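**Student:** What would the 3D arrangement of this be:
(2 chains)
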Protein chains: 2
Amino acid sequence: MPQKPKRKPTRKPYELFYWPGIPGRGEYVRLALEDARAPYVDVVRERETGMDEMLELLGRESAKRPPFAPPFLRDGRVMVGQVAAILFYLGPRLGLAPNSEAGALWTHQIELTIADFVAESHDVHHPLSVGLYYEDQKREAARRAKDFREARIPKFLDWFEAILAANGATKTKARLVGASPTYADLSLFHTLDGLKYAFPKTMGRLLRNRPLVASLH
Amino acid sequence: MPQKPKRKPTRKPYELFYWPGIPGRGEYVRLALEDARAPYVDVVRERETGMDEMLELLGRESAKRPPFAPPFLRDGRVMVGQVAAILFYLGPRLGLAPNSEAGALWTHQIELTIADFVAESHDVHHPLSVGLYYEDQKREAARRAKDFREARIPKFLDWFEAILAANGATKTKARLVGASPTYADLSLFHTLDGLKYAFPKTMGRLLRNRPLVASLH
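**Tutor:** Residues are numbered from 1 along each chain as shown, chains lettered A, B, ... in the order given. Here you go, the predicted model:
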């Protein structure tokens, strides 16, 4: 007699903690969770007590390993902060990273470089202080933006184009690592999205000569 | 008859690639290698062909997984870029990180936060562009330095003090993770060193109220 099929045990959902409202860095984690259709709770958005819980976990006194800042992820007893570290943790669990040590490390290295790119991009609007309004540093932001457009964006895009090519990517199948999508692809997609919004002319011009990166978006 | 003791196979030295001259980010990796007395070659400094080798590896065409920028490490067939990723790789191999996944990840998370701290600290002198001389952005640097001293340094130091306390650290035995030294301790030591040099008054004042961080230096 055939056995009754065992029901797959339901996984306790991941808990993502991030500021509500603007997408920001939490979006990189959300994208991976959504892409993998993983069970997760966006705690501050979905639970009435979410904001209190997040502030409590950030609180210095109670937690043994409090993250420095949101976003952070809780998976049972494990708590991880820093976007790149969260994705490194989630990657193999969500099927969005290679299982080999070298492959996982390479994907992580790409993610860390994307994080640098995003940090520089964010700084363009706050060259003097994240505590000051953009309006109070507009002139400085304009100078910094020039350098970012002319020197930094091309340097980063060239690197992504080169590693896509080295991975054998084609315009119809552009993957940064191996043949399957990884969280690095998702993160680069999201970053390009933001840059196209912020610098439409520059990105339009630069992407014409970087067909592989262009096809990732 | 007693067997002739087998000679421990000599390890092929790690190869560290970094710009020669100023210490910079390569120093974080050097510190870990030195502390562990690991065999390594500081390629550009020690080999006559070192600079050419580094530029060749950074070259876009030849390498399959070229790092974005120095420092990077080669260990046989594995090549790793990004300071935090290099240390994550070296940590367990040098006995400078816990072996458990959660412990390794927590050490890495601390290192990533140190990297953020260092990046912000570096930006103080180049708020408009890393391509411009400090002299051409001196006024802007002064404004940014004020924010960094008053808002950012205390926020980071408070976090380090809190996680040291949560780890049961004492003034005579200040460790960030567990009971043994990790690369995170070395990196924080080096960062404090730089900050004390750059902001002697601020750091003197702030460290008086953060005894655990102070004792790490």
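
**Student:** Next one: residue A:59 relative to residue A:53, how far apart?
**Tutor:** 10 Å (C-beta to C-beta, to the nearest Å). All C-beta atoms are positioned from the backbone trio N, CA, C, and that covers glycine.

**Student:** How many neighbouring residues does residue A:27 have?
**Tutor:** Residue A:27 sits with 19 neighbouring residues when counted by other C-beta atoms under 10 Å in any protein chain shown.

**Student:** pLDDT wise, what is it at?
**Tutor:** For residue A:27, the model assigns a pLDDT of 96.

**Student:** same question, the one 4 residues further on
**Tutor:** Per-residue confidence at residue A:31 stands at 97 (pLDDT).

**Student:** ok, now which ones touch it?
**Tutor:** Taking C-beta atoms under 8 Å, 6 or more residues apart in numbering or on different chains, we find residue A:31 in contact with A:183, A:186, A:187, A:189, A:190.

**Student:** would you list every one of the helices in chain A?
**Tutor:** With DSSP state H as the criterion, chain A has helices at A:26-35, A:43-46, A:50-58, A:83-94, A:101-123, A:138-147, A:153-166, A:183-198, A:200-208, A:211-216.

**Student:** Indicate which one of the ones you listed is closest to residue B:111.
**Tutor:** helix A:83-94 (9.2 Å; C-beta to C-beta).

**Student:** And that closest one, how far out from the chain middle?
**Tutor:** 10 Å (C-alpha atoms, centre = their mean, to the nearest Å).

**Student:** Repeat that for stretch A:156-166.
**Tutor:** 18 Å.

**Student:** List the buried residues for that stretch?
**Tutor:** By 16 or more other C-beta atoms under 10 Å in any protein chain shown, the buried positions in stretch A:156-166 come out as A:156, A:157, A:158, A:159, A:160, A:161, A:162, A:163, A:164, A:165, A:166.

**Student:** List the contacts of residue A:72.
**Tutor:** Counting by C-beta under 8 Å, 6+ apart, residue A:72 has contacts A:17, A:57, A:79, A:80, A:81, A:82, A:86.

**Student:** one more time with 7 Å
**Tutor:** A:17, A:79, A:80, A:81 (C-beta atoms under 7 Å, 6 or more residues apart in numbering or on different chains).

**Student:** Next: residue A:170.
**Tutor:** So residue A:170 contacts nothing (C-beta under 7 Å, 6+ apart).

**Student:** cutoff 10 Å now
**Tutor:** By C-beta atoms under 10 Å, 6 or more residues apart in numbering or on different chains, the contact list for residue A:170 reads A:164, A:211, A:212, A:215.

**Student:** which one of these sits closest to residue B:34?
**Tutor:** The closest of the contacts of residue A:170, once distances to residue B:34 are taken by C-beta to C-beta, is residue A:164, at 36.6 Å.

**Student:** The closest one contacts residue A:178, correct?
**Tutor:** No - assessed by C-beta atoms under 10 Å, residue A:164 is found out of contact with residue A:178, at 12.0 Å.

**Student:** For stretch A:89-103, could you pull out the residues that count as buried?
**Tutor:** A:89, A:90, A:91, A:94, A:96, A:97, A:98, A:103.

**Student:** And the pLDDT at residue A:47?
**Tutor:** 96.

**Student:** ok, now the one 5 residues further on?
**Tutor:** Taken from the predicted model, the pLDDT recorded for residue A:52 is 93.

**Student:** Tell me how far it lies from chain B.
**Tutor:** To chain B, residue A:52 is 19 Å away according to C-beta to the nearest C-beta, to the nearest Å.

**Student:** circling back: so which of the contacts of residue A:170 is the most crowded?
**Tutor:** residue A:164 (24 neighbours).

**Student:** Excluding chain neighbours, what is closest to that one?
**Tutor:** residue A:212 (3.9 Å; C-beta to C-beta, 6 or more residues apart in numbering or on different chains).

**Student:** middle-most residue in chain A, spatially?
**Tutor:** residue A:28 (2.9 Å; C-alpha atoms, centre = their mean).

**Student:** That residue: what's it in contact with?
**Tutor:** Contacts of residue A:28 by C-beta under 10 Å, 6+ apart are A:71, A:83-84, A:86-87, A:111, A:114-115, A:118, A:183, A:186-187, A:190-191.

**Student:** please redo it, this time with the cut-off set to 8 Å
**Tutor:** Counted by C-beta under 8 Å, 6+ apart, residue A:28 has contacts A:83, A:87, A:183, A:186, A:187, A:190.

**Student:** Of these, just say which sits nearest to chain B.
**Tutor:** Closest to chain B out of the contacts of residue A:28 is residue A:83 (8.9 Å), distances taken as C-beta to the nearest C-beta.

**Student:** Run a quick neighbour tally on that closest one.
**Tutor:** Residue A:83 has 28 nearby residues by other C-beta under 10 Å.

**Student:** try residue A:213
**Tutor:** Residue A:213 has 25 nearby residues by other C-beta under 10 Å.

**Student:** ditto for residue A:52
**Tutor:** If we define neighbours as other C-beta under 10 Å, then residue A:52 has 11 of them.

**Student:** And residue A:113, by the same measure?
**Tutor:** Using other C-beta under 10 Å: residue A:113 sits among 23 other residues.

**Student:** Tell me which residues touch it, please.
**Tutor:** Going by C-beta under 8 Å, 6+ apart, residue A:113 touches A:156, A:159, B:68, B:81, B:82.
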